[in-house]
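Trainee: sharing a model that was predicted from the sequence below.
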Amino acid sequence: MYIIPAIDILDGKVVRLREGDYNQKTVYDVSIADMIETYRSNGTEFIHIIDLNGAKGDFSNQKALFEIIKKTDMRVQYGGGIRTIEQVTNLLDSGIHRVIVGTQAITNPSFLEELSKEVGKKYDYANRIVIAIDVLDEVIKYSGWMESSPIKLMDYVDRCLQLGFFRFLCTDINKDGKLGGAAVDLYKKLLEHSPFIKLIASGGISSMKDIEELSSLDIRSVVVGKAIYENRITIEEIKEWNLKAMSSL
């Protein structure tokens, strides 16, 4: 299981939200470029970047953000407001390694089928597209976690699998930004239902003990944000762990 450091961007600043609430944010006194370079210089090969403005349809961060991303040789998993096939292909063409899709995949039943056909002409879409599953009490949330979907969680996973998508980023909103531990029970349910998915865990990680607990499950990688910024997990610990875990990516 590989640890992927997270960088969330809001209004051009590095932040972390609590339970996905834009009114409960912590702003960190560090530049995006410096944070990326810190990870790169310590051997990190993969980072997770979310444009929180983009998740609400405001792409004012994107130009400056991509100028920074273009300068790194790290693989980037990127999300935030990606709702068209053109956006996905443009991001992949620009060098983004994995693109996260959420809202459009949930609200438009034909989107994933069209995405697999169009992106599949040029890329291995099953490995380059990540399906975001953001849940609150097992209800799927979308549009920056502000709307609820009537689709049942496991039914949605099945639908995605039928279309050839098997890489999922699952965030338990109840856990996110609280440093209270990961949603182990939720991940167990998902893996019991669909043992062959490539699951990326997110939300609640507070220590290396949480990482060790998740590693006992068949989880491919885990996104860690606040625990790093709050010095609960050090970059040196991540480096040491990831040296042993590269094959899981």
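Mentor: Noted; the coordinates are in hand.

Trainee: quick one: low-confidence parts of this structure?
Mentor: In the predicted model, the chain carries pLDDT under 70 at residues 247-249.

Trainee: quick one: the residue positioned nearest the centre of the chain and Ala105, what's the gap?
Mentor: Nearest to the mean C-alpha position of the chain, counting by C-alpha atoms, centre = their mean, stands Leu169 at 5.4 Å. Distance of Leu169 to Ala105, computed by C-beta to C-beta, to the nearest Å: 12 Å. C-beta here means a position set from N, CA and C on the backbone, and glycine is covered the same way.

Trainee: hmm, who's touching the helix or strand harbouring the residue nearest to the centre of the chain?
Mentor: Element membership for Leu169 (DSSP states H and E) is strand 167-172. The contact list for strand 167-172 (C-beta atoms under 8 Å, 6 or more residues apart in numbering) reads 77, 79, 98, 100, 126-127, 129-136, 157, 160, 182-183, 186-187, 190, 197-204, 220, 223.

Trainee: now those: which count as buried?
Mentor: 77, 79, 98, 100, 129-136, 157, 160, 182-183, 186-187, 190, 197-204, 220, 223 (16 or more other C-beta atoms under 10 Å).

Trainee: about what we covered before: neighbouring strands for the strand holding Leu169, and are they parallel or not?
Mentor: The pairing partners recorded for strand 167-172 under DSSP bridges are strand 129-136 (parallel), strand 198-202 (parallel).

Trainee: starting at the chain centroid, how far to the shortest one?
Mentor: Spelled out, it's strand 198-202. Centre-to-centre, strand 198-202 and its host chain are 8 Å apart (C-alpha atoms, centre = their mean, to the nearest Å).

Trainee: for Thr44, which non-adjacent residue is closest in space?
Mentor: Nearest residue to Thr44, sequence neighbours excluded (C-beta to C-beta, 6 or more residues apart in numbering): Pro5, at 6.0 Å.
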